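**Student:** Sequence and computational prediction follow.
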Amino acid sequence: MEDLKKIIRDIPDFPKKGIIFKDITTLLADPKSFNRMIDLIAHRYIGAKIDQIVGVEARGFLLGAALAYKLGTGITLVRKPGKLPYKTLQKTYQLEYGADTLEIHQDAFKPGDRVVVADDLLATGGTMAAVVELIQELGAEVVECAFMAELEFLEGRKRLPQEKVFSLLKF
């Protein structure tokens, strides 16, 4: 995994001073690394009877779509308010400085569907905790939340069911 970690670029002081931003665009732009990353994550779910991949706006769409293709499933999108055209279920959650809201289509799943949630990065866990609640409210089962990378020092994993978190790369 160290070879994949080395491809991710550090951007100091972005988006504000004191933050070291993990820029995944370098990994996404490298075909061999991107393919390897998707293969490594998808391998966990082969034979696990996954019905849907859930992609979280916006970088989770990239990871989620590739995983859905690889696993032969559909992809369900979780978006910011006003972006989905049909009836939605909303969840508002707290951020470090304020609140945010996410939406999912009300008919996204059949009862008992088994889903994997895909996103690029696990940081504080607030967004993913809200996504898990939305999925559960619609009657689906979260098999696992899958991340390309995790910033362990932010302890976002603590906000999610421990046995349902997978991060390919850890920083």
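**Tutor:** Here it is on my side, so go on. Numbers count the residues shown, from 1 in each chain.
**Student:** At which residues are the helices of the protein located?
**Tutor:** 2-7, 25-29, 31-43, 59-71, 126-137 (DSSP state H).
**Student:** Now tell me what touches the first one from outside.
**Tutor:** So that's helix 2-7. 26-27, 30, 33, 36-37, 168-169, 171 (Cβ atoms under 8 Å, 6 or more residues apart in numbering). Using the backbone N, CA and C atoms, a C-beta is placed for each residue, glycine as well.
**Student:** chain center to it: distance?
**Tutor:** Remark: helix 2-7 is offset 20 Å from the chain centroid, using Cα atoms, centre = their mean, to the nearest Å.
**Student:** and that helix, which residues are buried?
**Tutor:** Buried residues in helix 2-7, defined by neighbour count with 16 or more other Cβ atoms under 10 Å: 4, 7.
**Student:** With distance to Asp100 added, can I get the helices of the chain in CSV?
**Tutor:** Output for these, formatted as CSV (distance: least, Cβ to Cβ, whole Å):
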stretch, distance to Asp100
helix 2-7, 28
helix 25-29, 23
helix 31-43, 25
helix 59-71, 14
helix 126-137, 7
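**Student:** Lys87 is nearest to which of the ones you listed?
**Tutor:** helix 126-137 (13.4 Å; Cβ to Cβ).
**Student:** relative orientation of the closest one and helix 59-71 in degrees?
**Tutor:** 50 degrees (axes from the mean of the first three to the mean of the last three Cα atoms, to 10 degrees).
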